[in-house]
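Undergrad: Kindly return the folded structure for what I paste below:
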Amino acid sequence: MSPTGGSRNTKRKVKRMRIVYMGTPEIAATILERLLAEPYEVVLVVTQPDRPKGRGKAMACSPVKELAVSRDIPVFTPEKLRLPENVEVIREADPDMIIVAAFGQILPKSVLDIPKWGCINVHASLLPKYRGAAPIQWSILDGEQETGVTIMYMNEGLDTGDILLQQEVPIAADETGGSLHDKLAIAGAEALVRAIPGILDGSLTPVPQGEMTTPYAKQLTKEMGRLDFSWDAAKLERYIRGLNPWPGTFSFRDGQMLKIWRAEVCVDSVEEAPEPAEKEVLPGTVIAADRDSFTVQTGCGRLRITEVQPEGKRRMSAEEYLRGYRLAEGTVLGAPGEEV
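TA: Numbering: from 1, shown residues only. Take a look at the predicted model:
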């Protein structure tokens, strides 16, 4: 397979550092766009192949490919980078440095050994915390108050290379997976362009990572969004934020899916000692339905839900939902529904 697109004029009047950039989702596109403003030469972009997307399953390219094509940069989309013929494409690009951000494939040693200045990874956590595929969301799900980005050398391990530079980013009380993604994309882009000169002049000293202090940030799945109201209210609220916008959280009402987009913990319900009668309330039971929200009993405390999306409908405020869908106190959410 050969790269497609890009200018055919490969003659360079002035020697500039040649970069092969590997990335796939929106965060990687943000970082690439910032890199393209620097005085380096991105000679090849490597990204995941086009995939079916949406209800119509039409083929769609990655955000990184879309940006690269718009900038007339050659694009290479190998299904398996480790195959010898695909490694040769990278070698023929003659990169001085390979930069990776959320590419989606593990780089084999045959690729790691190609560039003079090594393979540099932009990772969206403060390593060694949250190695893995979904560090942004897991930092929210686990209740972290701070995260950040790490610029590191890559090795044959998974997110285990020596650290070159880190930048902290606070996690706001109302942070969602989407808002934190955007913050870390910008932070990662700025950290990368700060790190490259330090790599070239030797002023950045690589620091070996310690042992991972958090669970592995495993890939997200749609089923993770199914809310279990036997959890405490604080954990449920973190999942609602952390899995927004994807995969989103949901429960069921009368067998119909009800997505939950926004909620808040009823603080007094967690701090106060439960009354004996409250212990008998089944988690998932609607205990109050006001004009602009409804409140659900959880395994510990109560959750006030303020934004939802009925099955087959658009997102709406709880106030709008309650006008069109009568919700009586005592209704139990979370009954088994169709698998997703």
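Undergrad: who does the biggest strand by length in the chain pair up with?
TA: In the chain, assigned by DSSP state E, the strand with the most residues is strand 256-266. Sheet pairing of strand 256-266 (DSSP bridges) gives strand 249-253 (antiparallel), strand 302-310 (antiparallel).
Undergrad: what sits up against the last one?
TA: What it means is strand 302-310. Strand 302-310 is contacted from outside by 229, 233, 236-237, 256, 258-266, 269, 287, 292-296, 315-318, 321, 325, using CB atoms under 8 Å, 6 or more residues apart in numbering. From N, CA and C alone the C-beta is placed, and that goes for glycine too.
Undergrad: tell me the mean pLDDT over it?
TA: For strand 302-310, mean pLDDT is 98.
Undergrad: Leu32 should be in a helix, yeah?
TA: Yes - under DSSP: H, G, I helix; E, B strand; the rest coil, Leu32 falls within a helix.
Undergrad: Go ahead and confirm it touches Val64.
TA: Yes - Leu32 is within contact range of Val64, at 6.0 Å (criterion: CB atoms under 8 Å).
Undergrad: what residues are shared contacts of the two?
TA: 21, 23, 45.
Undergrad: between those, which is closest to Met152?
TA: Proximity of these to Met152 (CB to CB) peaks at Gly23, which lies at 15.1 Å.
Undergrad: Which parts of the stretch 51-200 of the chain are strands?
TA: In the stretch 51-200 of the chain, the strands defined using DSSP state E, counting those that start in this stretch lie at 51-53, 58-60, 75-76, 97-101, 119-123, 146-153, 163-170.
Undergrad: Could you export those strands as a markdown table, including mean pLDDT and distance to Leu282?
TA: Listed next are these as a markdown table, based on pLDDT from 0 to 100; distance: least, CB to CB, whole Å:
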| stretch | mean pLDDT | distance to Leu282 |
| --- | --- | --- |
| strand 51-53 | 85 | 39 |
| strand 58-60 | 88 | 43 |
| strand 75-76 | 98 | 54 |
| strand 97-101 | 98 | 45 |
| strand 119-123 | 98 | 42 |
| strand 146-153 | 98 | 35 |
| strand 163-170 | 98 | 37 |
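Undergrad: so what are the domain limits for the chain?
TA: 18-201, 223-324 (automatic domain parsing).
Undergrad: Show me what the one helix or strand Leu44 maps to packs onto, helices and strands only.
TA: Assigned by DSSP states H and E, Leu44 belongs to strand 41-46. Packing contacts for strand 41-46, counted by 3 or more CB pairs under 8 Å, 6 or more residues apart in numbering; DSSP states H and E, involve strand 18-23, helix 26-35, helix 63-70, strand 75-76, helix 84-92.
Undergrad: so which of these gets nearest Cys300?
TA: helix 26-35 (34.3 Å).
Undergrad: What helices and strands are in contact with that closest one?
TA: Secondary-structure packing of helix 26-35 (3+ CB pairs under 8 Å, 6+ apart): strand 18-23, strand 41-46, helix 63-70, strand 97-101, helix 177-201.
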